[in-house]
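>>> Kindly return the folded structure for what I paste below:
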Amino acid sequence: MKHFSVLFSIAFIFSLFLTDCKNGKTGGEKEPNNTIGEANKAVPQESFPISINPKADVDWFKMELPGQGYLKVQAGETPGNLELEVSFARYQEWEGEKEKRIRGWNRLPDAVFIPEKGTWYFAVKDNYDDAYSKETVDIRASFLKEFDNHEPNDTPEDAAVVEPGEIINPAVYPKKDQDWFQVHVKEQGYLSVQSNHVPEGIKPEVLFAVYDPWAEPKKQEIRSWHGLPDACFVPDSGNYLIKLHDDYDDGCAESTFDLKVNFIKEMDQGEPNDHFEDAKMVSRGDTLDVAIFPQEDMDYFKLENTRAGELKIAAKGFSGVVPEARLFIMDENNPEELEEVSNWKGLPATFETKVDETYFLLVHDDYDDQGSSTPFQLLIE
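This is a model prediction of the structure:
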């Protein structure tokens, strides 16, 4: 009888232990934790079990973090039909809206940039709130020390200043991270960006812009997203912005890579002539030094034709591009548009022209997918 009593006591204690484990008293979650004010404490690097039960269950956790870096949340094997996602927030104890979201819902694993020491919060739930499971799943929250010395630079106002010719080491982390850089140039030319040692999982691309705090909009894009290497024409001295991200914002890496920002002096005597309003005046017999740079560059030339007959356009010395040309006249019904009077033609090419007509000649790379900073000669006769 005495032995039975001892065994019963051991079984009872073990059952309490299991209950405590289920209720989070030994590292798991402790319900209720459906609001940010009820968040359970999580310890960095330590896994703990949670259960998403019933449907639409949301579990909140909080963590003390030592400084700037990243809070990363991962999940172990997920039971049933659960598809877990996480969101991050700060706790506004004295506000009507207690949750100040700093990153919306994303599938696990996910991370968020942490700018400073303090208590930071995250919530886990099923992605559509339509699945649940009585089984638990292990969650692990980790703190990563800052490894990108340009952060925070997620906005034009916080752009990190770099010098032409400088090699910098940014990181695209976490997913959807976008980094801004500011470069000062002293004259007309081109800003080019190259990358090296890019980690697996990301495909960096850049856009170029100018920023004026007194204008509306404050940021004006001057070249849209392109993969690296890439370059952008800059028409004057001043400060220019470069925005970097992963091409689809669905990749990231917990490491930096090399990024080089260069300034290339103007090598094309006709620039800027990317629009017909800025077309460079030419005459029959002219030989021009022309560069199709950067990729998708369009060069317009304007010819006051004084005689009828063939107009011949020829090119020599080009490398890395395949120049072709097309002829236009002004649209009589809309002076802000041009009217095509020829198809695209590879060079050399001839075009039939009329006397006393003003023509616009457009030269570009045949597929707009190549560019070269090396000028070539363009003959107009």
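>>> Could you tell me the phi and psi values at Ser51?
Backbone torsions for Ser51, taken as degrees, to the nearest 10, come to phi -130, psi 140.
>>> for this protein, what spans make up the helices?
For the chain, helices defined by DSSP state H occupy the ranges 2-23.
>>> what's the span of stretch 339-351, first residue to last?
Start and end residues of stretch 339-351 are separated by 15 Å (Cα to Cα, to the nearest Å).
>>> Tell me where the model's unsure across the stretch 151-300 of the chain.
Residues of the stretch 151-300 of the chain that meet the criterion pLDDT under 70 are absent altogether.
>>> Please enumerate the strands of it.
If DSSP state E, counting those that start in this stretch is used as the criterion, the strands of the stretch 151-300 of the chain fall at 160-162, 167-168, 179-185, 189-196, 204-211, 219-227, 230-234, 238-246, 258-265, 280-282, 287-290, 299-305.
>>> Walk me through the domains of this protein.
26-145, 156-265, 276-380 (automatic domain parsing).
>>> would you turn those domains into JSON lines with mean neighbour count?
To be clear about C-beta, it is placed using only N, CA and C from the backbone, and glycine gets the same treatment. Listed next are these as JSON lines, based on neighbours: other Cβ atoms under 10 Å:
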{"stretch": "domain 26-145", "mean neighbour count": "17"}
{"stretch": "domain 156-265", "mean neighbour count": "17"}
{"stretch": "domain 276-380", "mean neighbour count": "16"}
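>>> so what's Trp344 up against?
Glu324, Ala325, Arg326, Asp366 (Cβ atoms under 8 Å, 6 or more residues apart in numbering).
>>> how close does it get to Glu271?
Applying Cβ to Cβ, to the nearest Å, the value for Trp344 to Glu271 is 21 Å.
>>> Kindly report the same for Ala231.
13 Å.
>>> Between all of the contacts of Trp344, which two are separated the most?
Maximum pairwise distance in the contacts of Trp344, criterion Cβ to Cβ, is 11.0 Å, between Arg326 and Asp366.
>>> For stretch 370-381, report the contacting residues that lie outside it.
190, 231, 264, 267-268, 282-297, 301, 303, 311-323, 361, 363, 365.
>>> And for Thr381, nearest residue in space, chain neighbours not counted?
Rather than Thr, residue 381 is Glu. Lys312 (5.1 Å; Cβ to Cβ, 6 or more residues apart in numbering).
>>> Equivalent analysis for Asn262, please.
In space, and not counting its chain neighbours, Asn262 is closest to Ser192: 4.6 Å by Cβ to Cβ, 6+ apart.
>>> thinking the one you found is in contact with Asp230, fair?
Yes: contact criterion Cβ atoms under 8 Å: Ser192 and Asp230 qualify, at 7.2 Å.
>>> shared neighbours, those two?
Joint contacts of Ser192 and Asp230 (Cβ under 8 Å, 6+ apart) are Pro294.
>>> what sits against Val198?
Contact analysis of Val198 by Cβ under 8 Å, 6+ apart lists Pro204, Phe257.
>>> Save the strands of the stretch 151-300 of the chain as a markdown table, and put in distance to Asp110 too.
Listed next are those as a markdown table, based on distance: least, Cβ to Cβ, whole Å:
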| stretch | distance to Asp110 |
| --- | --- |
| strand 160-162 | 24 |
| strand 167-168 | 26 |
| strand 179-185 | 18 |
| strand 189-196 | 25 |
| strand 204-211 | 20 |
| strand 219-227 | 23 |
| strand 230-234 | 29 |
| strand 238-246 | 14 |
| strand 258-265 | 24 |
| strand 280-282 | 52 |
| strand 287-290 | 49 |
| strand 299-305 | 46 |
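>>> and of those, who's closest to Asp154?
strand 179-185 (6.9 Å).
>>> Can you list the strands that that closest one pairs with?
strand 160-162 (parallel), strand 238-246 (antiparallel) (DSSP bridges).
>>> can you redo these as CSV with distance to Ala215?
Listed next are the strands paired with strand 179-185 as CSV, based on distance: least, Cβ to Cβ, whole Å:
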stretch, distance to Ala215
strand 160-162, 20
strand 238-246, 13
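>>> The ones you listed: which one's closest to Val172?
strand 238-246 (5.0 Å).
>>> now the closest one and strand 204-211, what's the angle there?
Angle, strand 238-246 to strand 204-211, by axes from the mean of the first three to the mean of the last three Cα atoms, to 10 degrees: 150 degrees.
>>> what does strand 238-246 rub up against?
Under Cβ under 8 Å, 6+ apart, the answer for strand 238-246 is 156, 159, 170, 172, 175-185, 191, 193, 202-211, 219, 222, 232, 234, 252, 259, 261.
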